[in-house]
Structures are given as structure tokens and as C-alpha cells.
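# What follows is a predicted structure for the sequence shown.
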Amino acid sequence: MVEPYALDKQAKQAFLSNKLIELTKNHYVRCVEYQKILNTLQIDVDKLTSHYDIPFLPVRMFKEYDLLSIEKEAIFKKLTSSGTTGQQVSKIYLDKESAANQSKTLTKIVSSYIGTRRLPMIILDTSTILKDRANFSARGAGILGFSIFARDKIFALDEDMNLDIDGLKSFLEKYRGEDILLFGFTFMIWNHFCQLLKEDDYGIDLSKGIMIHGGGWKKLAEKAVSAEAFKKELQEVCKINRVHDYYGMVEQTGTVYMECDQGHLHASIFSDVITRRAKDFSVADIGEKGLIEVVSVLPTSYPGHALLTEDEGIILGEDDCPCGRLGKYFKITGRIQNAEIRGCSDSYASKFK
Amino acid sequence: MPRLGGVATVMPVNSSEIIYLYQGNGSLEEMPSLNVKQPFFPQVVLFLNRLSQVLLGDKIAKEYPDIIAFAFFCRRAHIEHLKARYGNSLDCRLGRGVTFHIAPSNVPTIFAYSMVTALLAGNASIVRVSGKPFAQTDIICQAIVKIFDEGNFENLRERIAIVKYDHSSEITAFLSSLCDVRIIWGGNVTINEIRKIPVPSHSMELTFADRYSFCIIHTNSYLEKSNPKKVAQEFYNDTYLYDQNACSAPRLIVWVGEDADISLAKKRFWDALQNYVEERYALPSIIAVDKLMTICRCSMELEGTVNEKMPDNLISRIRVKELSKDIPAYRCAGGSFIEYNSQDLDTLAEIISREYQTMAYIGFDPAELRYWVIQNGLCGIDRIVPVGKTADFSVVWDGYDLIYSLSRICNVG
């Protein structure tokens, strides 16, 4: 089995560049839209030498366009990003192979944090999110993706998003003394789990729990809830100590960036994070805030192997995290200031509902 | 809306939701009972001149070039110059009554120009300013408050109200019910939403929708006669000064001339602009992403596009092989340009739609350009101005003479 954090800078650079340049060439041939973009950017795919030189597409492209490098008949699954009504969502098309690779890669990465044994799992969400099996929202895809680590699972919330205390208690009773995996979305956990247990802990003890949560901090930042406060609160309400945030997006499902016990997000060998300066897209230094570019070896069915996100972050270091994992480790500082500025002001209308 | 004798009755609204940046002693409901004035009423001209003095004497105001420009617009000499252009054609004219202005959120001083023009035409003005917190709005409103506090313009005091409110159809309906003319500065979505709210049956409406603007450069003339540094400064004021977010900001650049001249002119023009922009413009991250997004969109939807290599993301140049009617769809703020090389203006005429507003030029004779618009019977292009002047307000805007549009003729038959 390939160790997900075993390559140092030089080895990883060689591995990734090789894979990603090959992917670039493939998408260039198979996806006519991608080819047009590279032509406009005057990129010669045969002259690429490093994955740092591969042009990145804005993630927003997947909201506005259907980008595929496979025949329509080969589509096995369509993933969409979560978005509120009226918002455009990303549409990601997978064939069987790319879907399988996502799941395999996720397993390798997450095993580094929770072990290879499958665990009883509590999903801090509602089962209704998985109703449509052919079309998955990011939330559904995340839940389904992480469900591979479960040997038994329950959904902690009912369809009205109320906490099923009785169900939760009997599940915990059944697996008393065992490690329990908990999975959910940061904001949902805060709103529908943490806040409820704050009022009454219902005697729920998750000291054997390992929580994995993701989905971003935007909504909690609005409520001025920091990552530290989130962890502290969880510790207080249900005694859970092992809490891992992860950073990932539907456009590169599978290659998630997991938070280690040092509080750092880590890039595995299957993907990388590059911070770039807005002024010229040059590569930012370690410690310098930049726009986050993500590259991943997984997107074979769509040209999403090098993407410019709308997040900003800081690379904290490479190959030297005290947790022992090699590769870059980083933190996300937030979403870039909003404003897809209009040609002329439409701020008035935006408030009409 | 219930009506009495053709006049909409005033809907009671929760007036605590309205923030007044300036108001007279009376209530808004009383505004329709004010009399109207003749255009360029002497008291109004004096008031504007005082406004100009106060703004030019305000240290903070001086930091805003757009306020300075507005202050110069209001100077008596300039207003008299404007008036002179009308000759005696205004003798038979009077204001229409109450104008209700819904100001845009992209250019901070538009609210003031809109208001001043309505006052000059003989009207009273209710202005709803944008919810965006612009320092310019506060500075200009404070100057108005100060002038009325000086006590010299008592008979104008009730003719102005400047308000701010969160988006509320009720308040907009209330203010609309008071007006004889409603002036809506776009975008299009805003205009469409506000249009659902009626104005009294006798009232009229002026709308300033989303527009698209471009620049044509006569390369031979540019190379021989222009000072590249000066042109860069002027072009910067047309574009980057408002994040290329004004309707009048050029987005498409048509280079007219022989290929060799075009290459040379482009190099000179963009090098000079790059230097000028580098010293002044901080590029927000979101704009860098938006520009890349625009390049990707254009690549996919326009034929044979080339992203011209630039040292950084400050200037984004997308060359198109053909001019398409869709070009206005690829607008992007913050310094994103589409370029087209041409030997003449023929192909350009084919794509000009109603959306086109300002044609900025370098090295052309504006009278010839207007002749070209007329000869081709174009539905678009309302303004032809030299580079550097696109952001200048004029009482002729989007094809309307606002002094005429905001006044009525009392005809003697």
C-alpha cells in the first residue's frame, strides 16, 4: 500500500509533476473546452516541466460549465456542490474508475488518522440527505465517502434536524468502550449537536470518539466561533478529545486535507496545495498568505486536476510537522472577499427575495 | 394603490426605517405642494456655487478627486456655461415637480449629479442613496447641511431630501407615490424590480440601465501625436479609478490601423499603462480570480481568443479574432480588456447594440465619429468623448438632455 505521507519534497515533486503533466495532456486531448482555454493561455502542454506550471482553472468554472474528459455514456456519477437555493452549484462528472479512485484515496488518507480498522460510526446529519443515489450534493458525497470507515452506522439527526438522543444513547451503549467515529459538517455539528448538548448533556460521553468534520468555517466565522472554541466546546459538552477538521471540495473529492493533532492541515502525496499571490499568481512563500490552488491526481474524468479556489491560506511548513507526516501543512484563513462585481450596481436588487 | 383625484394617496410607512442624510423642516408628504422653478433659477445657481466653495474648502473632501470634480461642476462659471448652451430655449420651461432619484452603488457621486441636475431643471428632489457606505456621500450631504445652517437659502431648504433605507418596497412605493419623475440608476435587475412599483399616472420615469463602453484608437495618430504617459493617466481615470466598474468605463479596445502600427501602438500603450497602474492600483484577490474566470469564459465561447502575456494580473488583455455581438457579456471589473485589430470601423458598426453607451477615442475626429453613428443608423452609442473624459458627468446622459427631460414646456399656442 502507498503511504499517503511518505514522500519528501523532492520525491513528491517528481511524483506529482509526472502524474499531473500527464493528466494535463490527457485532458487537453479529451476535453475540447479545456483545450480552448490552454490555447488562449498560449500553453504548450509538451513543454510543461513542473506541476507548478500547469494552468489552473477557477473552481467557478465548474459552476458555469459542464466540463468532461469522458464520453457522456461513461458518466457513472454526478457530484454537485452544496449551495443554497438559487445559487449555482458545481457539477462534477465521474466515470467508474474515477469514482473508485476517490474512495480508495480517501481510505488511504483517513486511515492515517483513525487506523485501518472499521469503526462504529455516528453521522451527525440526517439520512434524508442521501435520498437521491445518482446525484450527490457535497454533503451527501462526504457522508457516503466517509461511510466506508463504518462497520455500523447511525444518523444522529432526524429529518427535521432534531437530535435523536435515544438512538444515540443506545448506539453508544452497544459499543461501550470502543472507539467511535463521528462525522459531520462543521456548521451542522455546531448548530444541531453542540448547542443542544450545551443546554443538557444528556449524559453523552464521547471520550472514545474520533470526530472528522469539514465544510468550512464561513458560517461559524460569522458567529465569531474559532476553531479553538469549537474544539473546546465539544470537549466540554461530550468529552470528545480527538477532533479533526478537514479541507476539501467536491471538485477534488477524495484528496482531502486532514488536520493532524498539531492542528495543521496536511497534503497527502495524491494532491498538493500551492498558495499564490493575487497580483501575479506567483507562488507565495511559506508563511505568506495567498490564494489557494489545489492540485490532485484523481480527476481523470474532468479537467479539475489543477484548480484555483476562492479560499486564502498559509503554508506553514513542509516535511517538518511534529506529527511526523511529510509534505506541506497549512491553514485556511478564509474565503476571499466576496463581490463578483457587477457592471453596474445591482446591490439593491440582491436584497429582493 | 388607492388614489384620490388622480393623485396617489400617501401610504403610511414606518418612517423610522428612513435615515435622513439631509431633510428640510417639512415632511416628505408636503413636497408635492412646493411650487416649481424655471431651469437655472438664480437661487439654485447660487446655492450650487456655495456648495462648490464649501467642498473645495473642505480638507477631507479634497482627498477625493470625484468630489473635486463634482465641486467644479457646481461652480457658477460652469453652470452659467451650461445654461448658455440652451440660449433662450428654456424661457418657456418649468420644472416638473418632485423628482425621486434612486442612486447607484457603483459610482459614489452620481446621486449628487442626479440631484443637482433635477434642481437645475426646476424641481424638488428626494434622493435615495446607495446603502454602500461611501465617504463621498457623507461629505457632500454634510456640506449641504452646513449651507442650509448658514441660513441663506431658506426658500430652497424644503426642496431637497436625501435618504437612505434598507431595501424596502414599501418605502420605495411611498416615495414613488410623491414623485412626478422617478429616476432609476441601474443595474437592470434593480430597474426591473423598481418598475413593479407604480408611480402616479401623470408621472414619468427615466432609467439608466447597464451599459457597455469601448475605446477606439487610431494607431497612427496615437504613435505620432500622443504622449503615452499622459494617455495612460487618462485611460486609468476612465477605468481603474472606479475599478472599471462604471458603465462608461471602456472594456473593449478597437485598434484601428495597419498591423505594424497596431503592434507598436499596443506595446507603447500597455507598457505605459502597466507602469501607471503598478504605482497606484491594489488588485483585490477576488478581481484576480474574476479576470482569470473571464479569460476562461472568453476562450470557450469566443473564437480564436488569445490571452496576451502581461507581467502580472493588473491588466488582463484578451485578443479576439472576430468581433461578436456577445462581447458585452464578457465584462469584468478591475482591468479586463478585450482587444480587436481593425483597418476600419465597418465591422464595429455591425456589433453596436443598444447596450453600447460611451465611445472613447484617441486620434479621431468626434464629428466624423458621430457622422459614422448616424450614417450607420446605430441603436447604441450615446456619447463620444476623448479618452480621459468618460467618467465626466454631463447633463446630457444616455441620450437624454436631462434639463429638457426634467422640465416641462408651458406652450403658448
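Looks like it came in fine.
# Domain boundaries for the chain, per the record?
Because you didn't say which chain, this covers chain A. Using automatic domain parsing, the domains assigned to chain A come out as A:9-54+A:262-335, A:101-247.
# Chain B, not that one
Split by automatic domain parsing, chain B gives B:3-209+B:398-409, B:212-386.
# average pLDDT across the first one?
Think domain B:3-209+B:398-409. The pLDDT scores in domain B:3-209+B:398-409 average 92.
# Can you pull the residues of the stretch 51-200 of chain A lying near chain B?
Along the stretch 51-200 of chain A, the residues adjacent to chain B under the rule CB under 8 Å from any CB of the partner chain are A:57, A:58, A:60, A:61, A:64, A:65. (Glycine included, C-beta is placed from N, CA and C.)
# Not including adjacent chain positions, what is the nearest residue to the fifth one?
What that stands for is residue A:64. What sits nearest to residue A:64 in space, not counting adjacent residues and going by CB to CB, 6 or more residues apart in numbering or on different chains, is residue A:88, at 6.8 Å.
# Regarding that neighbour, what is its secondary structure?
Per DSSP: H, G, I helix; E, B strand; the rest coil, the local secondary structure of residue A:88 is coil.
# got it, and residue A:231?
helix.
# Nearest residue to it in space, ignoring adjacent ones along the chain?
residue A:243 (5.2 Å).
# Packing partners of the helix or strand encompassing that neighbour?
Using DSSP states H and E, residue A:243 maps to strand A:242-247. Under the contact criterion of 3 or more CB pairs under 8 Å, 6 or more residues apart in numbering or on different chains; DSSP states H and E, strand A:242-247 touches strand A:209-214, helix A:227-238, strand A:257-259, strand A:265-266.
# in the stretch 201-350 of chain A, which spans are helices?
For the stretch 201-350 of chain A, helices defined by DSSP state H, counting those that start in this stretch occupy the ranges A:218-222, A:227-238, A:347-350.
# Among these, single out whichever gets nearest to residue A:111.
Nearest to residue A:111 among the helices of the stretch 201-350 of chain A is helix A:227-238 (22.3 Å), distances taken as CB to CB.
# That closest one vs strand A:242-247, what angle?
Angle, helix A:227-238 to strand A:242-247, by axes from the mean of the first three to the mean of the last three CA atoms, to 10 degrees: 140 degrees.
# Show me what helix A:227-238 is packed up against.
helix A:195-199, strand A:242-247.
# Which positions within it qualify as buried?
Neighbour-count burial for helix A:227-238, counted by 16 or more other CB atoms under 10 Å in any protein chain shown, picks out A:227, A:230, A:231, A:233, A:234, A:237, A:238.
# Could I get the CA-only coordinates of it as CSV?
Taking C-alpha atoms only, helix A:227-238 is exported to CSV below (Å, rounded to 0.1, in the frame of the first residue of the first chain):
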residue,chain,number,x,y,z
ALA,A,227,-11.6,26.5,15.6
GLU,A,228,-10.3,26.5,19.2
ALA,A,229,-13.6,27.5,20.6
PHE,A,230,-15.3,24.8,18.6
LYS,A,231,-12.9,22.1,19.9
LYS,A,232,-13.2,23.4,23.5
GLU,A,233,-16.9,23.5,23.4
LEU,A,234,-17.1,19.9,22.0
GLN,A,235,-14.7,18.7,24.7
GLU,A,236,-16.9,20.3,27.4
VAL,A,237,-20.3,19.0,26.1
CYS,A,238,-19.4,15.4,25.3
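# And stretch B:389-409, how far out from the chain middle?
Between the centre of stretch B:389-409 and the centre of its chain there are 10 Å (CA atoms, centre = their mean, to the nearest Å).
# Packing partners of the helix ranked longest in chain A?
Using DSSP state H, we find that the single longest helix of chain A is helix A:9-30. Counting contacts by 3+ CB pairs under 8 Å, 6+ apart, helix A:9-30 is packed against helix A:32-40, strand A:306-318.
# Among the buried residues of helix A:227-238, which pair sits farthest apart?
Going by CB to CB, the pair spanning the buried residues of helix A:227-238 furthest: A:227 and A:238, at 17.3 Å.
# Most proximal residue of the stretch 1-150 of chain B with respect to chain A?
residue B:105 (3.6 Å; CB to the nearest CB).
# mind checking the SS state of that residue?
Following three-state DSSP, the label given to residue B:105 is coil.
# from memory it sits against residue B:130, does it?
Yes: look at residue B:105 against residue B:130 with CB atoms under 8 Å: they come within range, at 3.7 Å.
# got the contact list for whatever residue of the stretch 1-150 of chain A ends up closest to chain B?
Proximity to chain B, evaluated over the stretch 1-150 of chain A using CB to the nearest CB, is greatest for residue A:40 at 3.6 Å. Residue A:40 makes contacts with B:295, B:296, B:298, B:299, B:305, B:306, B:307, B:318, as judged by CB atoms under 8 Å, 6 or more residues apart in numbering or on different chains.
# Residues in a beta bridge with residue B:212, which ones?
residue B:356 (DSSP bridges).
# OK, contacts around it?
Applying CB under 8 Å, 6+ apart to residue B:212 gives the contacts A:343, B:247, B:251, B:252, B:327, B:328, B:331, B:355, B:356, B:357.
# Let me know the pLDDT of it.
For residue B:212, the pLDDT comes out at 96.
# thinking again about what came up before, farthest-apart pair in the contacts of residue A:40, please.
Largest pairwise distance in these, by CB to CB, is 13.4 Å, between B:296 and B:306.
# Now do the end-to-end distance for stretch A:65-73.
Length of stretch A:65-73, first residue to last, CA to CA, to the nearest Å: 18 Å.
# Next, the buried residues of it.
In stretch A:65-73, counting by 16+ other CB under 10 Å, buried: A:67, A:68, A:69, A:70.
# list the contacts for the second one?
Contacts for residue A:68 were tallied using CB under 8 Å, 6+ apart; they are A:31, A:75, A:93, A:301, A:302.
# Quick check: residues of the stretch 251-400 of chain B near chain A?
Within reach of chain A by CB under 8 Å from any CB, the stretch 251-400 of chain B has these residues: B:283-290, B:292-293, B:295-300, B:305-307, B:309, B:311-314, B:318, B:331, B:333-334.
# Which one, of the domains of chain A, ends up nearest to residue B:42?
Ranking the domains of chain A by proximity to residue B:42 (CB to CB) places domain A:9-54+A:262-335 first, at 52.7 Å.
# And that closest one, end to end?
Using CA to CA, the end-to-end distance of domain A:9-54+A:262-335 comes out at 27 Å.
# same question, stretch B:247-262
First-to-last residue span, stretch B:247-262, CA to CA: 26 Å.
# can you give me the mean pLDDT across it?
Per-residue scores along stretch B:247-262 average to 96.
# How far off centre is that stretch?
Its chain's average C-alpha position is 22 Å from that of stretch B:247-262, according to CA atoms, centre = their mean.
# With stretch A:39-56 instead?
25 Å.
# in the stretch 51-200 of chain A, which spans are helices?
All helices of the stretch 51-200 of chain A, identified by DSSP H, counting those that start in this stretch, fall at A:61-64, A:96-114, A:138-146, A:165-174, A:186-189, A:195-199.
# Leaving out chain neighbours, which residue sits closest to residue A:256?
Among residues not flanking residue A:256 along the chain, residue A:248 sits closest, at 3.8 Å (CB to CB, 6+ apart).
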